[in-house]
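K.L.:
quick one, what's the 3D model for this:
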Amino acid sequence: MRRGPLWRDTGLYFKRIDIQGFKSFAEPVSIEFQEGITCIVGPNGSGKSNIADAIRWVLGEQSPKMLRGGKMEEVIFSGTENRKSKGMAEVTLVIDNTDHILPIDYSEVAITRRMYRSGESCYYINKVPCRLRDIRELIMDTGIGVEGYSIIGQGRIAYILSDKPENRRQIFEEAAGIMKYRTKKEESERKLEAAKSNLDRVNDIIGEIESRIDGLREESIKATEYLELRERYKRIEINITLKNIENLELKNEYIKDDISELAHRISEVEQEKESVDKDIAQNKAQNEELDTLINTGRDRLLTLIEEISDLSSQNRLRKERLAFIEKEKQRLEAELASLDLRKEKEEKNAVEIRTGLEKLNEEYEELKKQAEEKSKEVAALEAEAIEMQALIDANKDKIFECHSRASEKKSEINSLLNLKDTLTKRKEQILAESQVGDAAGINLEEEYKRVSSERDEAAEALKHIEQESLRLKSVYSEALSREKLLNHELGERKVTIGQLSARYKMIEEMESAYEGYNEAVKFITKSGLEGIRGVVADLISVSSGLERAIETALGASLQNIICSEDKDAQKAIEMLKSNKVGRLTFLPLSSIRPYGTKIPDSLAKETGFKGLGVDCIEFDERYRKVMEHLLGRVVIVENLQHAVRMSKLPGTGGLRFVTLDGDVINASGAITGGAYRNKTAGLLERKAEAKSLGDKLSRLREEQEQLVEELEELVATLEESRRQIEDLDRRYREKQLELFDRENELKRLSGSLSDMGDLKAKRNRELSSIENEQESVDAMLRELAKEASQAELEVSEAEAAVEKAMEDHAAIRKRLEEAKEELTQTRLLCGAAASERNNAEQMLGRIRGYVEEYEAEAEKRREELKALLGEKDGLFTDDEDQKKLLEGKEAAKIELEEKINKAVEDKQLIIRYIEEIQQKRESLDKIIAGWQTDKHELELKLAKNEIQVEGYKEKLWDDYEISYLQAMDFQNRDFVMSSAMRESREIRNRMKELGEVNVGAIKEYETVSERYKFLTEQRDDLISAMDSLTQIIEDMDKNIKRNFKESFDRIVINFEEAFKALFGGGTAELRLEDESRPLETGIDIIVQPPGKKLQNINLLSGGEKTMTAIALMFAILKTKPTPFCILDEVEASLDEVNIERFARYLRDFKEIQFALVTHQKATMEYADVLYGVTMPERGISKVISLKLGDEIDLN
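P.N.:
Residues are numbered from 1 along each chain as shown. Model (predicted):
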C-alpha cells in the first residue's frame, strides 16, 4: 500500500547504503531507500539483520556486542570454503540534506566508515577524512545515531524493558534534545578542572619566581655596571693597542727608507762588479782560445813527427820487399816446368782406357736386352696372378659384405620392433598426461581470473589512496607554510612585546619609586598625611607633543604638592624639618590664588599659537585654581620665532611664552633656550610614554593571542593531516604489497598457463610425430625383410666363384716362379758387365781431373809470377814520391814549432792581467757583503716590528674578536696614552671591587620579570575563565532541566495515547523515581492493559512488554520525529492481531522513513518496497529488490 511523499517535507532522509566486505556481504551491495516503508525479508541466517548492523556500524557503534560479535574485526568478511577473506570492510550511508538540517554545507551527505583487518578504522564525510566525534556532532539531537531511537532491535527493546529504570534515561534524553547541552556541560566541567589544575601550577610558579626576582634585580644592576666598565676598558685597551701599532708602523717607514738606500748602493757596486766580471770572462775566453791553439799545434806537431817516422820505416820495408820478390820469381818458374811434364804423362794413359771401354759397352747392351725380355714375361704373369687374386678377394669381400648386410638387416629389424613397442607406450603415456593437463589448465584459468580481479581491485584502491594522499599532502604543505609564517610573526610579536614590556616595566618602577623626584616628594607621598592630594605631575594629563613645553613651563612646580588646607601644608613642612629630608612647595586648595587667564583675542589668531598652558592639559576640576595659578599666564607656541613675534604684540605683557622645544620668553623679556645636555625624558614625557606603551602592549597582546589561537588550530590540523598521511602511506604500502603479490601471482599463473599451453602443443606434436614414425617403422620392416633374403642368395653365388678362381691362380703362380729364375741369371751377367764398364769410366774421369788440376795449378803460378813482377815495378815508382813527401813534412814541422812558442808567450801576458782584475773584484765583494749585512739587520728589525704589529692585531682578535679595520671604528683621535693608562688601571680596580659578576643575570632578570608578568596575567585570565565556565555549567543545567521536563511531559501524553491505540484501551504512565533530581533519577513505566489492574511493566507477559515498549517507541517518535527509523524484528514475539495493530499504527507516521527487518507476512503487506536477502552461495548474502506483486522463493 503506497503513501504520499509527505515524509519528504522534512528535507532529511536516507537515500542509499553501500556495503562492501561487511559480515556476509562479500560483494559490493547497494540498497536504495525509497519513500514509505521498506521491508527487508529473508530466511533465518541469510544475513538480513546485517543490513541494520551495517547502518549501526557506519554511524559509529563501538561495541562489538551490539553488532552481535565478540570483537570488532569480526565485521570483516572472514571468507568461506570457496572465497578468500577480505582485508577491509566499508559501509557508506548517503543522507539527503536538502534543507540543511545537518549543520554542513552540502545537500547530500555521505558518511563512510572503513576498517582494516589490522584493527585500523577510518571515517569520512563526503570522502573527506574526519573523526568519529565529527560524525556524532553532525547527527547529534537529530534522533539518528547508535545511542538514539532511530535504530531499534530486539536488544533495544530489552534495554527499554530493563529492570533498572535509570537505564531508560538515555533514550528520553536523546528525544529531549539535551545530549548537545550535556556534552557541552561535560566539556565545560573538564575545562574547569583543567583550569583549576593550571591555576594551581601557575600559583606555584609565581611563588617560586617571587622568591628569586629581588636577588636577580641586584645581580642585574651589578652586572650592568660591570658590562659598562668592561666596554670602557675595551675601548681604552683598543686605543692603546692602535697607538702602539701606529708607533711601530712609523718606525717601520724609516727602516724601509734605510733599506731602500742600501739596496740602491749595493745595486751600483754590483753593476761595477758585473763590468769587471765581463772583462775577466773576455780574457779567460781569449786565454782558452790560446790554450786551444797551443794544444792543437802540439797535437799537429806530434802527428807530423809520427808521419815522418812512418815514411822512413816505409822506405826500409820497400827495399826488403824487392829482394823477396826476386826469390819468389825463381821458385814459380821451376814449379811451372814440373807441372807440364806430369800433364803429358796422364794424357797418354787416357787414350788406352778409352779403347777398352768401347768393347765393354757392346757386351753390356746385349745382356740388358735379354733381361728386359725376361722382365716383361715375369710382369705379365704377375699381373695375371694379381688379377686372379683380386677376383678371389672380391668374392670373399662380397661374401663378408653379404653376411654383414644380412646380419645388419636382422639387427635393424629387431631395433625397429623395439622402437615400435616404445612408441606405443609413449603414445599411451602422452594421452594420459593430456587428460591431467587439461584439467589442471581449467583450474589455472579460473585461478588467473580470480587473481586478476583481485589485482584490479587493489590497483583501483591504490589509485584512490594516491589521489587522497596527494590532496592531503597539498593541504599539509599549505598548512606547514602557514605555520612557519605564524611562528615567525609570533616570534616577532614576542620580541617586540618583550622589549616594550621591559621598557614599560622600567617606567612603572620609576613611577612607583618616584624616580626623578626629590627626596622630599618621595617622603611626603609615602608618609600618608591627611589632606595631601598628590604631586602636580601625577594630577595632570598632557596631550601628545606638548609634554616638553608643559614640563618646561612648570619646571620645578611639577614636584609641588597639592593639599587641601594651609594646616596640611604646615604639618608636612614640620615633618620635613624634623626628618631633615629637604624642602617642598605646597599648594593649598583653600588659599591658592589663580592668575587671570584672559589674553588678547588677536593672540589666539596668530600663526604658531597653540593655546594657554592651562587649556593644554587635562585635570580634575577641583584643582582648576591650582592649574590656573601655575599655567594661567603661560602661552604655548610652535617655535621661538613665533614666540619672539608674539611677545612684542600689544596686551601680552605679563605673559610667558613657551615653545614646543622648551624655549622660554619670560614676562621680563629674558629668553631661555638651547639644547638639553641629556635626552632623558622628563616626568610628563615619561608618563606619556608609559600610556603609549600600555596601549601598544595591549594591542600587541591581543594580536599575539589571536596568532596563538590560530597556530594551535593549525598545529592540530597539521597533526591530524600528518596522522592521516601516515595512515594513507601505511595503507598505500599495504596495497602496494598486495598489488605486488597479485601481479607476481598473475605472472606465475600466466607463466604456468603459457608453459601448460606449450606443453600441450608439444604433446600434440609428439603424438603426431609418434604416429608418423609408427607408419615409417612398419614400411621399413617390410623393406628390411626383402633386403635380408637377397643378401643370403648373393652369399651362395660368391662362394662358388671363389673356389674356381683359386684353382686358376695356382697354375699361374707356378709359371711365374720359373720365369723369375731365368730373369735373375740374366740380371747377374748384366751387372758384372756394367761394373767393369763403370770402373773404366771412373779411371778415365780421374785422369781428366788430374789433367785439369795440373792446368789450374800452372795457371795460378803464372798469375802469382805476373803479380810479383807488377809489384816490383810499383815499388820502384813509390820510392821517388816518398822522398819528396818526407821533405815537405820536415819543413811543416819547423813552422808549427815557431807558432806554438808565440802563443805560449801571449797566454802568460793574459794570465797576469786576469790576476790583477780578480783582485779588484774581491774588493768589490767585500763592500757588497758589508752593506748586505747592514741591510739584513735592518730587515730583521723591520720583520720584528711587523711581527709586533701582527701580535697587536691578533691581540685585538683574541681579546675582543674584532679585526684591525673594525678596531679603527673605536679609535679616539684625542687619545692620550698616559691618561688612558691611568684610566685603564682605575677601571680594572673597580672591576675587581665588584667581585664575582653573573652577567647572565641581566637576561635572566628580564626573562623572569617578563615571565612573572605573563604568569600573573595568566592567573587573572584563568580566574576569569573559571568564572565564565562556572556560569556556562549553571546555564547548561538550566537548559537541560527545562528541555527534559518539557519533552518528558509530552512523551507521557503520547505514551498513554499510543498505549491505548495498540492495546485497544487501558492506561499507561511514566514516572520519575525522584522528581527532585530530574537529571539523574530513573524512569518507571506503570501500565494497566484492558481488563487488568495497574502494575509495573516487569509484571507483564512477554508480548505485553513488547507492545508496551513499542508504544513507548511510538510516543518518542511522535514527540520528536526522527527522519529515519530502523526496526529490526521488534514485532517478532507478537501474535497476528497485535502485528496488525502495530502495522496500522505505523502508517500514521507519514513523516518518518521506516526500514523494517521482519519475518511477519502481516508486516510485509504494509510495505511499499521489499528487499529480499538470500544466501545462494554458502556464507555469501545477496540482496534482491522486489516491487509489490513480485513473487520469489527466498529459500
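K.L.:
can you list the low-confidence ranges for the stretch 301-450 of the chain?
P.N.:
318-319, 396, 398, 400, 404-405, 409, 411, 415 (pLDDT under 70).
K.L.:
ranges for the strands of it?
P.N.:
Secondary structure of the stretch 301-450 of the chain (DSSP state E, counting those that start in this stretch): no strands located.
K.L.:
I'd guessed residue 243 sits against residue 978; true?
P.N.:
No - here residue 243 does not reach residue 978: they are 11.0 Å apart, not a contact under C-beta atoms under 8 Å. (Each C-beta comes from the backbone N, C-alpha and C, glycine too.)
K.L.:
more neighbours: which of the two?
P.N.:
residue 243 (17 against 7; other C-beta atoms under 10 Å).
K.L.:
would you agree that one falls within a strand?
P.N.:
No - Residue 243 is assigned helix when assessed by DSSP: H, G, I helix; E, B strand; the rest coil, not a strand.
K.L.:
need the contact list for it.
P.N.:
975, 977 (C-beta atoms under 8 Å, 6 or more residues apart in numbering).
K.L.:
just the pLDDT for it.
P.N.:
In this model, residue 243 is scored at 80, pLDDT.
K.L.:
the one 10 residues further on now?
P.N.:
Reading off the per-residue confidence, residue 253 sits at a pLDDT of 83.
K.L.:
count the residues that sit near it.
P.N.:
What residue 253 shows, counting by other C-beta under 10 Å, is a neighbour count of 9.
K.L.:
quickly note the distance from it to residue 741.
P.N.:
87 Å (C-beta to C-beta, to the nearest Å).
K.L.:
same deal with residue 1027?
P.N.:
For residue 1027, the distance to residue 741 - C-beta to C-beta - is 62 Å.
K.L.:
kindly report the same for residue 27.
P.N.:
Per C-beta to C-beta, residue 27 is found 21 Å from residue 741.
K.L.:
backbone dihedrals for residue 17, both of them.
P.N.:
phi -130, psi 130 (degrees, to the nearest 10).
K.L.:
could we number from 27 for the rest of this?
P.N.:
Sure, I'll start numbering at 27, so the last one becomes residue 43.
K.L.:
so it bridges to which residues?
P.N.:
Beta bridges link residue 43 to residue 57, residue 119, judged by DSSP bridges.
K.L.:
and it, how many neighbours?
P.N.:
20.
K.L.:
pretty sure it contacts residue 59?
P.N.:
Yes - with contact defined as C-beta under 8 Å, residue 43 reaches residue 59; the gap is 7.3 Å.
K.L.:
quick check: which element contains residue 588?
P.N.:
strand 587-589 (DSSP states H and E).
K.L.:
I'd like the next helix or strand past that strand.
P.N.:
Strand 587-589 is succeeded, C-terminally, by helix 592-605 (DSSP H and E).
K.L.:
now residue 494: how far from residue 143?
P.N.:
20 Å.
K.L.:
ok so, going back, quick one: list the elements packing against the strand holding residue 588.
P.N.:
The contact analysis (3 or more C-beta pairs under 8 Å, 6 or more residues apart in numbering; DSSP states H and E) places strand 587-589 against strand 558-561, helix 592-605, strand 612-614.
K.L.:
could you give the mean pLDDT of the last one?
P.N.:
Think strand 612-614. Strand 612-614 comes out at a mean pLDDT of 92.
K.L.:
paired strands for the strand holding residue 588, with orientation please.
P.N.:
Strand 587-589 is paired, per DSSP bridges, with strand 558-561 (antiparallel), strand 612-614 (parallel).
K.L.:
give me the mean pLDDT for that strand.
P.N.:
In the prediction, strand 587-589 has an average pLDDT of 93.
K.L.:
host element of residue 886?
P.N.:
Going by DSSP H and E, residue 886 is part of helix 709-986.
K.L.:
so where do the helices sit in the stretch 577-726 of the chain?
P.N.:
Ranges of helices within the stretch 577-726 of the chain are 592-605, 627-630, 650-657, 666-673, 709-986, based on DSSP state H, counting those that start in this stretch.
K.L.:
between those, which one is closest to residue 1134.
P.N.:
Closest of the helices of the stretch 577-726 of the chain to residue 1134 is helix 709-986, at 46.1 Å (criterion: C-beta to C-beta).
K.L.:
helices or strands up against the closest one?
P.N.:
So helix 709-986, by 3+ C-beta pairs under 8 Å, 6+ apart, packs with helix 205-538, strand 566-568, helix 573-580, helix 990-993.
K.L.:
quick one: it to chain centroid distance?
P.N.:
46 Å (C-alpha atoms, centre = their mean, to the nearest Å).
K.L.:
then stretch 61-69?
P.N.:
The answer for stretch 61-69 is 57 Å, by C-alpha atoms, centre = their mean.
K.L.:
list the buried residues for it?
P.N.:
61-68 (16 or more other C-beta atoms under 10 Å).
K.L.:
TSV for those, including distance to residue 870, pLDDT and secondary structure?
P.N.:
Below are these laid out as TSV (distance: C-beta to C-beta, whole Å; pLDDT from 0 to 100; DSSP: H, G, I helix; E, B strand; the rest coil):
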residue	distance to residue 870	pLDDT	secondary structure
61	155	77	coil
62	156	78	coil
63	157	86	strand
64	151	86	strand
65	153	88	strand
66	148	87	strand
67	149	87	strand
68	145	82	coil
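K.L.:
which one of those residues is nearest residue 668?
P.N.:
So of the buried residues of stretch 61-69, ranked by how close each gets to residue 668 (C-beta to C-beta), first place is residue 61, at 89.2 Å.
K.L.:
wouldn't that closest one be in contact with residue 1194 here?
P.N.:
Yes - here residue 61 reaches residue 1194: they are 6.7 Å apart, a contact under C-beta under 8 Å.
K.L.:
lowest average confidence, helix or strand, in this protein?
P.N.:
Every helix and strand in the chain was compared by mean pLDDT, DSSP states H and E; the lowest is helix 180-186, with a mean of 64.
K.L.:
looking at residue 494 and residue 143, which is more packed in?
P.N.:
residue 494 (19 against 15).
K.L.:
ok, for the more buried one, nearest residue in space, not its chain neighbours?
P.N.:
Ranked by C-beta to C-beta, 6 or more residues apart in numbering and with sequence neighbours excluded, the top spatial neighbour of residue 494 is residue 754, at 5.9 Å.
K.L.:
now for that neighbour, how many residues are close by?
P.N.:
Counted with other C-beta under 10 Å, residue 754 comes out at 22.
K.L.:
so what's it up against?
P.N.:
Neighbours of residue 754 in contact, by C-beta under 8 Å, 6+ apart: 491, 494-495, 498.
K.L.:
no more questions from me, cheers.
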